[in-house]
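> Fold the following and give me the result.
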Amino acid sequence: MLFLLVFSLLCNHLTAQVSADKKLHDYVGSIVYDKHLKGAFFSVKLVGFETGKTIFEHNSEQKMIPASTQKLITTGIGFINLGENHTFKTSVYYDGTIAADSVLNGNLYIVGGGDPSFCSKNFPETAPQIVFNKIFYGLKSAGISAVNGKIITDDSYFDGNHSTSETVHSSWELEDIGSYYGTGVHGLNFCENTFTVKISCKDTTGIVVNPEYPYSETVVPKIVPDITIIHKDSLPDIVSLPEANRYILRGEMPAGKETVLDCALQNPAGAFAFWLNEYLNSAGIPVYNNGIDSVFDSEKYLLTEIESPPYSELARFTNYVSNNLFADAVFKNISKITTGETSFSKSATNMDNLLKSLKLNTHDIRIVDGSGLSRHNLITAGFTCEYLRVIKRHVPDFHLSLPSPGTEKSTLRYFMSSYAGKSNKERIFLKSGSMTGALNYAGYIVGKNGEIMCVAIMTNNFTCKTKDIRPKLERLVFLISEL
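Numbering: from 1, shown residues only. Below you'll find the model as predicted:
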């Protein structure tokens, strides 16, 4: 009797498994001929984490633009080469002498350490108010009640100071560089290198543009509206032109409409100095001759250090919200620590070498940045799955840096929302990646039988809207989770 019961259960399990496999095969076959993917690239691979065996694949060696799934490589290699407890530090120094009346006859120096979370509102310990307070109390502890000098920022940690550093990759698209997508990475970052612009079309006579903060034009250049007023609902974009020292708002907008744009801050070091000066003066420590110079040859004394959250938190934030600044800061920091080189090209070469050191074959991939903003990045679903296997062996909890469908404050917040109540979501850990004509998902899915699968799903070169592709990939992810 016991034998018959076990045999029956085994048959039922095998029948369910065959049914799940067939549904997956049939569905992928239907996607290949879907009207929205006609002439586009579609690639899938599933690999067992423990066994390394291919569970399913379709066109898995096709070279594809990874978009933000590139961050899987950046953050994973960061765990190995930086460590989960690594922190980035921003140092505050002063020079000169403190007079009997507690006036510092010297300068304050803010030396960046490539920390993307410096003055980020997304981390309580590095929020602007906390950072400003720490510097204020550092001055008080040193017996300084006024600064007869200047606030001098040093953002040369990566490639030199603001005017010469390579903050953005040359292949990033122009509309990305103006927005919060492509803020660029600096040695001294501030508020994630963004500022907010409020745009009002009160009537058909013109546009009113109000920056969130009253920056001087040395910090935020002139914003030039080039917006056509129309009747239908539409929103403009902002384009940053660093060489011309200006921003251009372009596009269309209906009369009576108001909107807010998060824009790239071209000079975060200057913005930080501007606001630190404002804060110290209002808090009772006047800075008499504030300015930004290059006076770095005097003897300096450490006032305080501002430390980032541990790398594990930064990596999780990077992957959850797909923050490009954080990814490229990690990308360059890895290279800085391992080779001393920090240009995008040198950092890319270093990343390739680090992947090879893990016995990964990088012959058929191309990496040019850490965020995936560049369309010059190329990768395959096959390589992605093999990488995911290797990185999880070195970093067993790497999957916890990836969101599950429905996770608040993540790019997967609304992913698979039509599958409400399905417990499968708790077994899905994915990084999304999208740009015009590309939508990808990669990560780990635990099957019903408990097997961990490394998963890569990639679509490129489609001409329809992303919203037409996403439901099809949601269904594919669900069917994989049913295996």
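> In three-state terms, label the closest residue to residue 52 other than its chain neighbours for me.
Leaving aside its sequence neighbours, residue 52 sits nearest to residue 389 (C-beta to C-beta, 6 or more residues apart in numbering; 6.4 Å). Using the backbone N, CA and C atoms, a C-beta is placed for each residue, glycine as well. Recorded secondary structure, residue 389: helix (DSSP: H, G, I helix; E, B strand; the rest coil).
> Looks like residue 389 contacts residue 47 (just checking).
Yes - with contact defined as C-beta atoms under 8 Å, residue 389 counts as touching residue 47 (6.3 Å).
> so where's the stretch 51-200 of the chain shaky on pLDDT?
Along the stretch 51-200 of the chain, the parts satisfying pLDDT under 70 run over 160-165.
> Following the helix or strand residue 383 falls within in sequence, what is the next regular element?
Using DSSP states H and E, residue 383 maps to helix 381-394. Per DSSP H and E, the first helix or strand lying C-terminal to helix 381-394 is strand 428-435.
> tell me what that following strand is packed against?
Contacts defined by 3 or more C-beta pairs under 8 Å, 6 or more residues apart in numbering; DSSP states H and E place strand 428-435 against helix 70-81, strand 438-446, helix 466-481.
> What separation is there between residue 85 and residue 311?
Applying C-beta to C-beta, to the nearest Å, the value for residue 85 to residue 311 is 7 Å.
> can you list contacts of the helix holding residue 383?
Applying C-beta atoms under 8 Å, 6 or more residues apart in numbering, the external contacts of helix 381-394 come out as 43-47, 49, 52, 57, 59-62, 64, 66, 69, 72-73, 76-77, 79-80, 355, 358-362, 364-365, 398-399, 442-444, 452, 454-458.
> So if I had to pick from residue 85 and residue 311, which one is more boxed in?
Ranked by neighbour count (other C-beta atoms under 10 Å), residue 85 and residue 311 place residue 311 first, with 21 against 8.
> mind listing what the more buried one touches?
78, 79, 82, 83, 84, 85, 86, 87, 330.
> go again using 6 Å as the cut-off
82, 84, 86 (C-beta atoms under 6 Å, 6 or more residues apart in numbering).
> count of residues packed around the last one?
If I follow you right, that is residue 86. Counted by other C-beta under 10 Å, the residues lying close to residue 86 total 17.
> mind checking how far it is from residue 315?
Separation of residue 86 from residue 315 (C-beta to C-beta) stands at 10 Å.
> again with residue 99
For residue 99, the distance to residue 315 - C-beta to C-beta - is 46 Å.
> Neighbour count for those two, which is higher?
Higher neighbour count among residue 99 and residue 315: residue 315, with 26 against 12, using other C-beta under 10 Å.
> can I see the domain layout of the protein?
Following automatic domain parsing, one gets these domains for the chain: 21-84+311-481, 89-307.
> got a markdown table for the helices and strands packed on strand 428-435, with mean neighbour count and distance to residue 379 too?
Formatted as a markdown table, the helices and strands packed on strand 428-435 follow (neighbours: other C-beta atoms under 10 Å; distance: least, C-beta to C-beta, whole Å):
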| stretch | mean neighbour count | distance to residue 379 |
| --- | --- | --- |
| helix 70-81 | 25 | 7 |
| strand 438-446 | 24 | 9 |
| helix 466-481 | 18 | 17 |
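> between those, which gets nearest to residue 150?
Closest to residue 150 of the helices and strands packed on strand 428-435, according to C-beta to C-beta: helix 70-81, at 35.3 Å.
> Now do the closest one: everything it contacts.
Residues outside helix 70-81 that contact it (C-beta under 6 Å, 6+ apart) are 315, 318-319, 327, 330-331, 334, 338, 354, 370, 372, 377, 391, 394-395, 398, 431, 442.
> Now residue 78. Nearest residue, chain neighbours left out?
Nearest to residue 78 is residue 330, by C-beta to C-beta, 6+ apart, at 4.7 Å.
> I meant residue 54, not that one.
Leaving aside its chain neighbours, residue 54 sits nearest to residue 47 (5.7 Å; criterion: C-beta to C-beta, 6+ apart).
> Kindly report the same for residue 309.
With sequence-adjacent residues excluded and distances taken as C-beta to C-beta, 6+ apart, residue 309 is closest to residue 123, at 5.4 Å.
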